[in-house]
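Trainee: Build me a model:
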Amino acid sequence: MRLTPTERDRLLIFTAAELARARRARGVRLNVPEATALIADTVCEAARDGRRLAEAIEAGRSILSADDVLPGVADVVTVVQVEAVFDDGTRLAVINDPFRGGGSLGDDAPGGALVGAGEGYDPVEETVVLLVHNTSAVPISVTSHFHFFEANPRLAFDRSAAYGTHLAVPAGSSVRFDPGATVEVGLVPIGGGRVAIGFAGLVDGPLDAPGAREAALAKARATGYLTSFDDAEPQS
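Mentor: Numbering: from 1, shown residues only. All right, here's what the predicted structure looks like:
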């Protein structure tokens, strides 16, 4: 039987995960490779069962707790990444906080956060909530840090309100819009220097430059983007 490198890697993950399941069933707490393999395998199997990316990530995050692993594992394994095959293709699943904050080494752990009283921190900006309608005949997925204003032109939503924002979802994940579906999404402002370069080419520069929003909206309309939730007809 000939296997591709990707298929061999998948079988390696499965084998390690099966070992982890057997040891866990005997009451043995898992080490780093075992825990990582079991989480990754759970995500891959959820994808194989037809579940969406967010659901697969949640399955991986729910399979183990800090009590299932050796001391310190939850402090070392803070994120698991695995490529899984979904109904719409291969996607990177990023499982942040895979043990739901179950670290046990405390603030002295390498990279541990020292939580203060909060003075000097800016308040978290409120999330923008929009309805998004997919007028196309195919599923559309938008990743976590894509400038949502520049998302697929067949998505009908208030693009002016979405200007300068990205999806309020974990880094590396995405939101899928099925054909004809309407989905409510949360958006947060793009941080840092607030410069959008690339994407769909509607901005390509500082987001807050004078006239940048108006120019981007004009370019979007001129190139056929739907710019309002109510101004589109479903595409045949």
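Trainee: all helices in the chain, in order from the N-terminus.
Mentor: 5-25, 32-48, 53-62, 73-76, 159-162, 212-222 (DSSP state H).
Trainee: So for Asp204, which of those sits nearest?
Mentor: Among those, the nearest to Asp204 by C-beta to C-beta is helix 212-222 (9.2 Å). For the C-beta atoms, the positions are set from N, CA and C on the backbone; glycine is no exception.
Trainee: average pLDDT across that closest one?
Mentor: Helix 212-222 carries an average pLDDT of 95.
Trainee: Check stretch 193-207 too.
Mentor: Mean predicted confidence for stretch 193-207 is 91.
Trainee: quick one: terminal-to-terminal distance for that stretch?
Mentor: By C-alpha to C-alpha, to the nearest Å, the extent of stretch 193-207 from end to end equals 9 Å.
Trainee: residues in contact with it?
Mentor: 146-147, 149-151, 153, 163-164, 190, 208, 212-213, 216, 219-220, 223, 225 (C-beta atoms under 8 Å, 6 or more residues apart in numbering).
Trainee: separation between the residue most central in space within the chain and Leu70?
Mentor: For the chain, Ser173 is the residue whose C-alpha lies nearest the centre (C-alpha atoms, centre = their mean; 1.3 Å). Plainly put, Ser173 is 28 Å away from Leu70 if you go by C-beta to C-beta, to the nearest Å.
Trainee: Also Leu30?
Mentor: With the distance defined as C-beta to C-beta, Leu30 ends up 7 Å from Leu70.
Trainee: So which of the two has more stuff around it?
Mentor: Neighbour count, other C-beta atoms under 10 Å: between Leu30 and Leu70, Leu30 has more, with 22 against 16.
Trainee: Tell me the confidence at the residue lying closest to the more buried one once chain neighbours are set aside?
Mentor: Spatial nearest neighbour of Leu30, chain neighbours left out: Val69 (4.8 Å); criterion: C-beta to C-beta, 6 or more residues apart in numbering. For Val69, the pLDDT comes out at 93.
Trainee: Val69 contacts Asp75, doesn't it?
Mentor: No. Val69 lies out of contact with Asp75 (C-beta atoms under 8 Å); the separation is 10.0 Å.
Trainee: Tell me which of those two has more neighbours.
Mentor: Val69 (26 against 18).
Trainee: who's in contact with that one?
Mentor: Counting by C-beta under 8 Å, 6+ apart, the residues that Val69 touches are 29-31, 35, 77, 99.
Trainee: The residues you listed, buried ones only, as a PyMOL selection?
Mentor: Of those, the buried ones go into a single PyMOL selection, burial set by 16 or more other C-beta atoms under 10 Å:
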select buried, resi 30+31+35+77+99
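Trainee: mind putting the contacts of Val69 in a markdown table, pLDDT and distance to Phe177 included?
Mentor: Compiled in a markdown table, these are given as follows (pLDDT from 0 to 100; distance: C-beta to C-beta, whole Å):
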| residue | pLDDT | distance to Phe177 |
| --- | --- | --- |
| Arg29 | 95 | 41 |
| Leu30 | 95 | 37 |
| Asn31 | 95 | 40 |
| Ala35 | 95 | 33 |
| Val77 | 88 | 32 |
| Phe99 | 87 | 31 |
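Trainee: Adding distance to Asp87, write the contacts of Val69 out as a markdown table.
Mentor: A markdown table is the format used below for the contacts of Val69 (distance: C-beta to C-beta, whole Å):
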| residue | distance to Asp87 |
| --- | --- |
| Arg29 | 35 |
| Leu30 | 30 |
| Asn31 | 33 |
| Ala35 | 27 |
| Val77 | 28 |
| Phe99 | 28 |
